[in-house]
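*Asks:* Structure for this input, please:
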Amino acid sequence: MNHRPLVLALAIAVLVLPEVSRGGGLEDIPICHGFGCRIQETVSISESEWRQVRTFFREPASTPAEERDQIKRAVGWFDVIAGRYSPIHRDLAKNEIPGRFDNVRSNPDGHTMPASTIGQLDCIDESRNVTTYLTLMEQAGLFRHHRVVERALRRSAVDQHYAGQIEEIESATRWVVDSWFYAHGRLPYLEEATEWLDIPFLFSTSFPEEADG
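*Replies:* Next comes the predicted model:
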């Protein structure tokens, strides 16, 4: 018997422990930032905000491609909402750091870090947050053609890169949902995993065009 799907489901569930508030919103949504999820906090969203996310799926998608477009837009808007209650609204594209490294603050782990990294996300932060958003939507029954799977990972000799990932149920094709390439408030890059794997780590030579919206 293959226990991998069950183990995976449990692993994803550990990342997401929100509660439905009495008002119909969501409470205690885990949010990472500060590089490597060094800063972790929880946010709550209202019933109206959660309804805005669900509205992208108001018309059931007739094809997986239609649903992926819904997912891309819903993830983008969920991130905007989370940014209302956390510093991630400061996030710039890639690993760009706003400001100078002249002020530091203590981290929960006892280390210090530049104040300018607060609210900035690397691929670990981005991929965990996106997986949280995707899992919440999946748990709400909003997906018909896809399931949430483990984060995608690609490596080079000197670097590695993570992203959220979904799998098309009928074909078992995997699709990457990567918000790291763009600044906060933009739609994520959503492409077949094989295409994502081929993006050079030297992004200046081949960089995904910014999504509309």
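*Asks:* all strands for the protein, in order.
*Replies:* 19-20, 26-33, 39-45, 104-106, 112-114, 146-148, 152-155, 160-168, 174-178, 189-192 (DSSP state E).
*Asks:* Lowest average confidence across those strands, which one?
*Replies:* Set side by side, the strands of the chain give their lowest mean pLDDT on strand 104-106, at a mean of 42.
*Asks:* From Gln139, how far off is the residue nearest the centre of the chain?
*Replies:* Geometric centre of the chain, nearest residue: Val130, 1.4 Å, by C-alpha atoms, centre = their mean. Applying C-beta to C-beta, to the nearest Å, the value for Val130 to Gln139 is 15 Å. Just so you know, the C-beta spots here come from the backbone N, C-alpha and C atoms, and that holds for glycine as well.
*Asks:* Give me the helices and strands touching the helix ranked longest in the chain, please.
*Replies:* Across the chain, the longest stretch assigned as helix under DSSP state H is helix 64-84. On a contact count with 3 or more C-beta pairs under 8 Å, 6 or more residues apart in numbering; DSSP states H and E, helix 64-84 meets strand 39-45, helix 47-55, helix 123-139, strand 146-148, strand 160-168, strand 174-178, strand 189-192.
*Asks:* CSV for those, including distance to Arg154?
*Replies:* Shown next, in CSV, are the helices and strands packed on helix 64-84 (distance: least, C-beta to C-beta, whole Å):
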stretch, distance to Arg154
strand 39-45, 24
helix 47-55, 28
helix 123-139, 10
strand 146-148, 19
strand 160-168, 5
strand 174-178, 9
strand 189-192, 13
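*Asks:* coming back round to it: does the residue nearest to the centre of the chain touch Tyr162 like I think?
*Replies:* No. Val130 lies out of contact with Tyr162 (C-beta atoms under 8 Å); the separation is 9.6 Å.
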